[in-house]
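Chemist: Have a look at this prediction, sequence included:
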Amino acid sequence: NELVFSGVQPTGNLHLGNYLGAIKRFVEMQARDAQCLYCVVDLHAITLWQDPAELKGQIREVTAAFLAAGIDPARSIVFNQSQVPQHAELAWIFNCVARLGWLNRMTQFKDKAGKDRENASVGLYAYPVLMAADILAYRATHVPVGEDQKQHLELTRDIAGKFNNDFSGSIAAHGHGEDFFPITEPLIGGPAARVMSLRDGTKKMSKSDPSDNSRINLTDDADAIAQKVRKAKTDPEPLPSEAAGLSGRPEADNLVGIFAALKDATRDEVLSDYGGAQFSVFKGALVELAVEKLAPLGAEMKRLIADPAHIDAVLADGAARAEAIAAPTLDAVKDIVGFVRKG
Ligand code: ATP
Ligand code: MG
């Protein structure tokens, strides 16, 4: 049976990359015959300091984006991570399974810790282990994410494999199959698996980029979208007529990829319409398309955020349903590891 899990951090500034690389694809996954769990990962958010006065609003904003995009909270499970204690509990056990050498290779830690690594939080370093726990507490088989999460998902597979192997005797003795934890399938793909900054085609679009012009926020109005797209960095050549002509042109590739993802088309299909066009023309069409798709989403988010009691009720209901799946997994894990249990 398929089980889909993914998460988004409530770190503010939800952007087009989060939408096209993740949230839009979460919605599409609901068409599969699978239970989907979509989590607002607040425990991850605090690996970098968050203002307590703002964090609740950020959690509700991500929830609103999920709902506004079309995630149905009756059918999918929508919740915030800190309401389900099994995530943190399993993360501790996985801290004792994962190896330092594995974590030392994680590039996101190196990027986010920056030069002053001695001063980074222990949580930022252990982040990928918590992410493995998020996924494996539900024994999820499929995880839709943007390309930047590829390395973390490989670590999740390594942790699952090592746990299955280290405890194989006990797993069998407790009557489980040898793959107690599934080897999760990453679902990374589509034309916008890695949306780049509008100011620098070599950096991913990110919530934490200090320049607001680097990203299109999901709550930007039509004027802001138009301004940011018009200012977006490009090169002087007209667009090529095929996707192969985008190689070595990161900014052109990015804008064409965004257009394709918004339109549910491929880069080649977009270029069959716009090959040979100047950027001024293409950017005009991109603004129109982006406003058409994002304006209703942003408006619905604002409507939902205005009713925090409703959002909080969705999260509480989701947390109860999530815990009902995760609790039996944790019970089994504690038996497998050999802890003494309550009678
Ligand atoms: P932060 O800078 O706080 O890490 P973020 O923009 O990377 O923020 P996350 O909450 O870490 O956002 O990621 C949520 C989801 O969005 C993940 O699946 C991630 O892979 C995806 N994602 C993030 N940035 C992009 C991007 N530029 N293009 C495509 N997908 C992205
Ligand atoms: Mg991120």
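Modeler: That came in fine, so what should we check first? Ligands and ions are numbered 1, 2, ... in the order given.

Chemist: List the contacts of stretch 162-175.
Modeler: 94, 97-98, 177-181, 332, 335-338 (Cβ atoms under 8 Å, 6 or more residues apart in numbering). Any C-beta I mention is one placed from the backbone N, CA and C, and that applies to glycine too.

Chemist: Try it again at 6 Å.
Modeler: By Cβ atoms under 6 Å, 6 or more residues apart in numbering, the surrounding residues in contact with stretch 162-175 are 97, 179-181, 335-336.

Chemist: Mark out where each domain of the chain begins and ends.
Modeler: 3-187+308-337, 212-303 (automatic domain parsing).

Chemist: Point out the one among the ones you listed that comes closest to ligand 1.
Modeler: domain 3-187+308-337 (2.2 Å; Cβ to the nearest ligand atom).

Chemist: Okay, now the unreliable bits of the stretch 151-300 of the chain?
Modeler: Within the stretch 151-300 of the chain, no range satisfies pLDDT under 70.

Chemist: Pull up the residues of the chain that are close to ligand 1.
Modeler: Contact residues, the chain versus ligand 1 (Cβ under 6 Å from any ligand atom): 8-9, 11, 17-18, 21-22, 145-146, 148-149, 192-195, 204-208.

Chemist: Would you agree G123 is in contact with T47?
Modeler: Yes. The criterion here is Cβ atoms under 6 Å, and G123 meets it with T47 at 4.2 Å.

Chemist: Per-residue pLDDT of G343, please?
Modeler: pLDDT for G343: 80.

Chemist: and it, how many neighbours?
Modeler: 3 (other Cβ atoms under 10 Å).

Chemist: can you list the domains of the chain in JSON lines and add distance to D200 and mean neighbour count?
Modeler: Shown next, in JSON lines, are the domains of the chain (distance: least, Cβ to Cβ, whole Å; neighbours: other Cβ atoms under 10 Å):
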{"stretch": "domain 3-187+308-337", "distance to D200": "13", "mean neighbour count": "18"}
{"stretch": "domain 212-303", "distance to D200": "7", "mean neighbour count": "17"}
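
Chemist: Which stretches in the protein count as strands?
Modeler: With DSSP state E as the criterion, the chain has strands at 3-8, 35-40, 77-80, 142-144, 185-187.

Chemist: Make JSON lines from those strands and add distance to D220 to it.
Modeler: JSON lines is the format used below for these (distance: least, Cβ to Cβ, whole Å):
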{"stretch": "strand 3-8", "distance to D220": "18"}
{"stretch": "strand 35-40", "distance to D220": "21"}
{"stretch": "strand 77-80", "distance to D220": "24"}
{"stretch": "strand 142-144", "distance to D220": "24"}
{"stretch": "strand 185-187", "distance to D220": "27"}
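
Chemist: Which one of those strands lies nearest to G161?
Modeler: strand 185-187 (13.7 Å; Cβ to Cβ).

Chemist: which strands and helices sit next to that closest one?
Modeler: Helices and strands touching strand 185-187, by 3 or more Cβ pairs under 6 Å, 6 or more residues apart in numbering; DSSP states H and E, are strand 142-144.

Chemist: Give me the contact list for the strand it packs on.
Modeler: Residues contacting strand 142-144 (Cβ under 6 Å, 6+ apart): 2, 4-6, 25, 29, 135, 184-187.

Chemist: one step back: can you name the two of the contacts of stretch 162-175 that are farthest apart?
Modeler: Longest span within the contacts of stretch 162-175, Cβ to Cβ: D179 and D335, 16.9 Å.

Chemist: longest single helix anywhere in this protein?
Modeler: Scanning the chain for the helix with the most residues, using DSSP state H, yields helix 308-337.

Chemist: How far away from the center of its chain is it?
Modeler: 19 Å (Cα atoms, centre = their mean, to the nearest Å).

Chemist: Show me what that helix is packed up against.
Modeler: Using 3+ Cβ pairs under 6 Å, 6+ apart: helix 308-337 touches helix 52-69, strand 77-80, helix 86-95.
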